[in-house]
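Undergrad: whatever this is, show me its structure:
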Amino acid sequence: MSVLAAPCHGRVAQVQASAAPRVSAPRSRRMRVVAAAQPEPMPRRDMLKAAFIGGLASSALGGVPQQAAAAAGPAATLGDAYAAYGAFAAGGDYSRLDAYFTNDTTWLSNVNGGFKGKGKADIQRFFAWNLATNDVSSFKPLQFIEQGNKVSALVAMAGTGKKTGKRYDTVLAHFATVEGGKITEFREFTTADWSEAVGDTPFPK
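TA: Here you go, the predicted structure:
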């Protein structure tokens, strides 16, 4: 199975890849799926989260995912952006991550009461909040589903809220549009675990 994963252990992200068998899908609904290897069994709670959010991912792309060979495209771009996020979380250097966005990129997340922004300045505000409130201990993509210039991903993330000291273990659902190697639209949905751990710290103005 083709793997495009960016596990973040010790707050350093890496990207791994290996070959995958091709499985045919109806031509009108053909898509590429990249599922990340899971070396350890997923806890039952996380399995339920992934199943629920995974249903959202399939619905958003208009069909049931079929496994197929991975190729350079939206999934690869998002995977590279995840690796850049891992480097940012580890060292605070935002420049590599910033390169994946444009001044027209829209960014939505339901964390911390919700965030809505457009353009590089707004997205940088989101990640400044992330760095100030979130101590990430693990960031591991579980699956990418690619169709045309759109990609959805499930990501297992764990860490500790810097303000509260509370630990969290959640599954994120990401939906992105990629054009010319840039993320032009990004939507993030998470469970309450992350928001509760980071507390009520407002997003910077």
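Undergrad: in this structure, where is pLDDT below threshold?
TA: Within the chain, the ranges that satisfy pLDDT under 70 run 1-71.
Undergrad: mind listing the helices for it?
TA: 44-60, 74-91, 95-98, 120-133, 192-198 (DSSP state H).
Undergrad: now those helices as CSV including mean neighbour count and distance to residue 174?
TA: The C-beta positions use only the backbone N, C-alpha and C, and glycine is treated the same way. Shown next, in CSV, are those (neighbours: other C-beta atoms under 10 Å; distance: least, C-beta to C-beta, whole Å):
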stretch, mean neighbour count, distance to residue 174
helix 44-60, 15, 8
helix 74-91, 21, 7
helix 95-98, 15, 14
helix 120-133, 17, 13
helix 192-198, 19, 13
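Undergrad: to residue 161, which of these lies closest?
TA: helix 192-198 (3.6 Å; C-beta to C-beta).
Undergrad: reformat the helices of the chain as CSV; add distance to residue 104.
TA: Compiled in CSV, the helices of the chain are given as follows (distance: least, C-beta to C-beta, whole Å):
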stretch, distance to residue 104
helix 44-60, 21
helix 74-91, 16
helix 95-98, 14
helix 120-133, 9
helix 192-198, 27
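Undergrad: between those helices, which one is closest to residue 114.
TA: Of all the helices of the chain, helix 192-198 comes closest under C-beta to C-beta, at 9.7 Å.
Undergrad: output that closest one in CSV with nothing but the alpha carbons.
TA: What follows is helix 192-198, C-alpha atoms only, in CSV (Å, rounded to 0.1, in the frame of the first residue of the first chain):
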residue,chain,number,x,y,z
ALA,A,192,-13.6,18.8,21.6
ASP,A,193,-10.5,17.2,23.1
TRP,A,194,-8.1,19.7,21.5
SER,A,195,-10.2,22.8,22.4
GLU,A,196,-10.6,21.7,26.0
ALA,A,197,-6.8,21.1,26.4
VAL,A,198,-5.8,24.5,25.0
